[in-house]
Structures are given as structure tokens and as C-alpha cells.
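# Kindly return the folded structure for what I paste below:
(2 chains)
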Protein chains: 2
Amino acid sequence: MRAMRLQHGQLRFIEDAPPPVVPADEVRIRVTRAGLCETDIQLVRGYMAFEGVLGHEFVGIAESGRFAGQRVVGEINCSCHACPTCLEGAPNHCPHRTVLGILGRDGAFADYVSLPDRNLHPVPDHVSDDEAVFVEPLAAAFRVLEQIDLHEKRVLIVGDGRLGQLCAQVLSQETGRVTLVGKHETKLQLARDCGIDVVHRASRSDQRDADVVVDCTGSPSGITDAFRWLKPRGILILKTTVAGTPPLSLAPIVIDEFQIIGSRCGPFAPAIDALTRGKINVRPLIQARFPLERATEGFALVQQQPVLKVLFDVS
Amino acid sequence: MRAMRLQHGQLRFIEDAPPPVVPADEVRIRVTRAGLCETDIQLVRGYMAFEGVLGHEFVGIAESGRFAGQRVVGEINCSCHACPTCLEGAPNHCPHRTVLGILGRDGAFADYVSLPDRNLHPVPDHVSDDEAVFVEPLAAAFRVLEQIDLHEKRVLIVGDGRLGQLCAQVLSQETGRVTLVGKHETKLQLARDCGIDVVHRASRSDQRDADVVVDCTGSPSGITDAFRWLKPRGILILKTTVAGTPPLSLAPIVIDEFQIIGSRCGPFAPAIDALTRGKINVRPLIQARFPLERATEGFALVQQQPVLKVLFDVS
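Numbering: from 1, shown residues only, chains lettered A, B, ... in the order given. Sure thing, here's the model as predicted:
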């Protein structure tokens, strides 16, 4: 099969990669479309020291299992469901887990991918393949709603990239007081067109009026901005990992009694539901698409220009 | 009056300092005893760029107000009680506040100190002056109980210094699963004598079994230790400010969805109550005392040796 592998730090398109070995409790899925995520870029740069087929945002046709023949999306954490962490209700944190295209498991930038049947969710007919690719990152945005109560809260989303746009739309469903702060006029305009309140970072003053800041920048600047804009006792949600060990003043956390909450993968059900009901508009985020064999061009594009979402047409 | 001032980065004992000016809503207190805190050491090193009389842990006799003639302790944050932050119930975070011996207000290493009457709490007769000096840091330990529910939680207190010892005693009242992790055998023995479960940092393995870690080290190592010992989704309470901008890997916060909560000043009432009922044993922590005029010797001692608490006899 065709696959886009990361090997010795190099991205390589392989024409005749071996198809995935499918254990008894797993299902082989014929991938139709996949999405490029900031994490994929980080992986190419060495994050997690991953080697194998990249890709964890996808939609495809299940070849067996509960949803045989149907279009499915899949949760990316494959957990043991038997250890104390799993039994305490945190399977996404299973110490024995593999993670699709990120940790110990080949991903979805390929003709076929294997996932446990329990990880799969069917895609309703009137959600297109293009939209379905967004279920995974959209679920990550919905994770925030599992972690904190946003009712009546004043929320700033910092970072106008892919995840910032999705978070802005999702969190706007819960509170009317969401503002997206960004640096790119075109991206801000796109959010504005989706009905989101936006402000350019350069024109945002130092007023401390936010109850919650959601950092979607992947840069330490998002954290220092949060410390300037949060009310005392405010909450900073970290949605993106910051690479390396950036120097950061921690004193404000104690002095202002900030609360910082890491936020990773989220629930698929509300994400699929929101797309089904047309409550989230992901189409304007799609700014380029490539056939799988030209996926390297998509990686290059994202690193050169501020494009939002790149999709790969697989079959 | 006599006072221990910090001026141009220098500690100075002054024999004839002017007594504090006392506004209408404030009370002059004749200080009898005061305690040296890690924050005082940080202030001498330049933290907060404070200039003036140091000292915020004290007991004394109120000369007027609700508790005229009685022994009192005093909350250190002097807030406007009129701004949005105060009215939202967070006066300790008032942007207009002064803080005793820390920010814009002379402290208690002096014969007299002034505080708003509303900040004062009477000290019950059978709480000694030595014990009453601990109300302020003990209140800071009780703050943790206001912030999180420790019921059934496995708690590690990291740092066997003054604050770590107090936190270990206070948090042990709420859960039977508290362990103090430290580097100093004599300090750990002292905690053991108070009935606290202790372990030397060097013999603590990397097992991730803590629901909550309370950092009382004032060093970035406390945070990296916490990230090794916390369960996924665990809570790190930061009780001490870390000076400067230490390089720190932030990725674990997102990957493990840790929650970090800054924790500063706390409620005086439960601290006084705990001392009154003899539930907290602070006496073993007192390891040196100096008359006020020799307070610089106390500062020097704390920086040279791992002593726990130094008291100053004022009158």
C-alpha cells in the first residue's frame, strides 16, 4: 500500500509499504481522507522520537467489526482498558497506550490503517469526508468543556491557527463572551466570518479581564500573554505543547493564584453531533489539498505559509 | 522606634526609625514577636524590589480598634474593598493592595506596625506568642484546603522546610495519605516526630502514584519532581514562588493533562483554631531566636544552615 512514513527524521512517500497487521480486536480501515495537524509537524521535528506512518486525523471505510462497510472516524489512543489508570476512568492516559501515528502505532497517511473496533465512530451520511476529518481536532476542543464550566465566563482564545479557530467555535457554543486573539489578519477575518469576536494581538491592551485563556499558540508567548490578560485566580488552558524548555517566569502563578490545566484529546460524540447539526463550520479552514503521494508538499506548505488546514485525498 | 529596614538592597537595623503613620481605619500594634519567612530572604535578594521595614509574620498588642489591649495577629493584604476584584470576593488579589512588609507597606520587624482594624484577629489566651507567629504561614497552608478537595487523595508534599512542614501537618488533618519528601534527614526526622509519613528524595522512586503534589521547595526541581510523581490528571499546588525564569519542559502538562494551581495567602480563622485546639505542633520548628536588634544574624543563619524557623523577640 501507499504510505507517508517518518524515518530517521525524514518524511518519505512509500509506494509499496506493507499493509498494517490487524489483531483480532482491531479493524482495518480503508482511509479516504486525512488531515495534517500541527503535531505532525512537531513529529517531523523530532517530537516523541516517532518513527512510522504519520497521520491521526482521518476518515475511512471500516472493513470489518461493528461498522463494517460504513464510514468511520477513530479515537487515536489505544489503551489496555485493564490497568489502574484505565479503570479509574482515564484510558486516554493509559501508560501502556499506543497513539495513532504518534506513539508506537502506524498512522493514517496510508491506504489502510488499523484501530481497535471500540475506538471507531460511524460518520452520519450528511457529514462529508472533508468535515469528518475534523472530528479528532474538534473533539480536542470539546475536551475543554469537560474540564471547566464556562458559563458566564469571559474567554480569550490565543492563537488564530487551526486549533484556535476550532476552539473559538466550540467554546462560543457555551458562552457568548469568547474572543479570538491572533496575529494574522486573514485568519482573524476568517474567524470573524464565522461569527467569532476577534482582536489583533497588537491592539489588545494589558487589561486583565479574562476569566479563562485558552492557549493554542504552541509558543511560550501564549503563556506570557495569558499571565497579562487573566484576572487573578483565572484559568489558563494549555491546548498545545510547547517544545523544548522555554524560560518562563512562574512567580505570577503563585502571586495571582492562576490555575493552569493541560488539555489533550477529547470526546468524539459531541464533535460528530456538532458537525451533524451544522453548528460548527469547518469548511473555510480547508485551504489546500494534495493527493497522498504529494503529502510532502502539504508539509512544506504549512511550514512556509500561514495556511489553516491541509487535507490529503487518499482514495 | 527600632526597625529592621531593607534599603538599597541592604538590611539595616535602625534605632530611631519614625513610628508608622496610622490612618483613621487602621490600628497601631506594639509588636511582641515576629517570624522570619523565606519571602523575607527573597525580598533581600531583590524580589518585588521592596524597600522599607521587613516582616509579615507577627503577634502584638493592638493599641486601639475592636481588639484594643488584646494580643492580635494580622492578615497581610490591605485591600481597597471597593474595586471589582474585591467585590468579586478576591480581596487578597486587589490590584490596589499593599502587603505588609512586602509591597508598599512597612512590616513588623519593628516596635510598632499599622494595619487596618478589619485585618486583625484576636489570639486566644492559651496560644503563646511563639505559636501565634505561625498563624500567617499556617493560614497559607490552610489555603490549599480552600482550593482542592483532598478527600481520599494521595498527597506528596515536596520540600521539608518551614512551609513544607506546616503543609504536611495541615493536610494530614484532611487525608491520611500525606507523605513529606525532603533532602534533610534532621528535618525529615522532625516531621516524623510530629507523626508525618516521610521519605528522602533520593530513595523515592519514579512511581506515579500521587493525586496531588504540593511544591514547597521554591526551586524548579520541585516542579520536575512533581511531573515524575503525579498520576495523569494529577494536581500540582505551587506554594512557593520560583525566582527568575527557570527552563522547564511544559509538554508534560498537556500530555498528562496536569492541573497546576498557584496558592498564596490563606484564611486566619482555621489556623488560629488549629493552634487553639493543639492540632498543629509548631514548637519543634522554632530553632533559633534573636532580639530585634540582632535580626541580621537571623537572616544570615537561615541562609547558611538548614534551620526551620527563626523568631525575633521584639518586646
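
# Taking the stretch 151-300 of chain A, what residue is nearest to chain B?
The minimum distance from the stretch 151-300 of chain A to chain B, using Cβ to the nearest Cβ, falls at A:Pro232 (3.3 Å). Using the backbone N, CA and C atoms, a C-beta is placed for each residue, glycine as well.

# pLDDT wise, what is A:Ser128 at?
Listed pLDDT for A:Ser128 reads 98.

# my bad, A:Val307
pLDDT for A:Val307: 86.

# List the contacts of the residue lying closest to it once chain neighbours are set aside.
Leaving aside its sequence neighbours, A:Val307 sits nearest to A:Gln287 (Cβ to Cβ, 6 or more residues apart in numbering or on different chains; 4.4 Å). By Cβ atoms under 8 Å, 6 or more residues apart in numbering or on different chains, the residues touching A:Gln287 are A:307-310.

# For the stretch 151-300 of chain A, what lies in contact range of chain B?
A:208, A:220, A:223, A:231-233, A:238-264 (Cβ under 8 Å from any Cβ of the partner chain).

# Just the buried ones from these?
Burial by neighbour count, judged by 16 or more other Cβ atoms under 10 Å in any protein chain shown, picks out A:208, A:220, A:223, A:231-233, A:238-243, A:246, A:248, A:250-264 from these.

# Sitting in helices, which of those residues do you find?
Those of those mapping onto helices are A:220, A:223, A:251-255, per DSSP state H.

# can I assume A:Phe142 is in contact with A:Leu275?
No. Taking contacts as Cβ atoms under 8 Å, A:Phe142 lies outside contact range of A:Leu275: 11.3 Å.

# So which of the contacts of A:Gln287 is the closest to B:Val135?
The shortest gap between B:Val135 and any of the contacts of A:Gln287 belongs to A:Leu308, at 55.2 Å (Cβ to Cβ).

# Run a quick neighbour tally on the nearest residue to the closest one once chain neighbours are set aside.
Computed as Cβ to Cβ, 6+ apart, the closest residue to A:Leu308 that is not its neighbour in sequence is A:Leu285, at 4.4 Å. Other residues lying near A:Leu285 total 24 when counted by other Cβ atoms under 10 Å in any protein chain shown.

# again, but for A:Val133
Neighbours of A:Val133 under the rule other Cβ under 10 Å: 25.

# and what of A:Phe134?
Counted with other Cβ under 10 Å, residues neighbouring A:Phe134 total 27.

# For the nearest residue to it once chain neighbours are set aside, which residues are in contact?
In space, and not counting its chain neighbours, A:Phe134 is closest to A:Val282: 4.4 Å by Cβ to Cβ, 6+ apart. Residues counted as contacts of A:Val282 (Cβ under 8 Å, 6+ apart) are A:130-131, A:134, A:138, A:166, A:275, A:309.

# For stretch A:207-221, buried residues please.
Under the neighbour-count criterion of 16+ other Cβ under 10 Å, stretch A:207-221 has A:208, A:210-221 buried.

# tell me which residues in stretch A:113-126 are buried?
Neighbour counts over stretch A:113-126 (16+ other Cβ under 10 Å) mark A:113-121, A:123 as buried.

# Take these and lay them out in JSON lines including pLDDT, secondary structure and distance to chain B.
Formatted as JSON lines, the buried residues of stretch A:113-126 follow (pLDDT from 0 to 100; DSSP: H, G, I helix; E, B strand; the rest coil; distance: Cβ to the nearest Cβ, whole Å):
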{"residue": "A:Val113", "pLDDT": "98", "secondary structure": "strand", "distance to chain B": "22"}
{"residue": "A:Ser114", "pLDDT": "98", "secondary structure": "strand", "distance to chain B": "23"}
{"residue": "A:Leu115", "pLDDT": "98", "secondary structure": "strand", "distance to chain B": "20"}
{"residue": "A:Pro116", "pLDDT": "98", "secondary structure": "strand", "distance to chain B": "20"}
{"residue": "A:Asp117", "pLDDT": "98", "secondary structure": "helix", "distance to chain B": "24"}
{"residue": "A:Arg118", "pLDDT": "98", "secondary structure": "helix", "distance to chain B": "20"}
{"residue": "A:Asn119", "pLDDT": "98", "secondary structure": "helix", "distance to chain B": "19"}
{"residue": "A:Leu120", "pLDDT": "98", "secondary structure": "strand", "distance to chain B": "23"}
{"residue": "A:His121", "pLDDT": "98", "secondary structure": "strand", "distance to chain B": "22"}
{"residue": "A:Val123", "pLDDT": "98", "secondary structure": "coil", "distance to chain B": "27"}
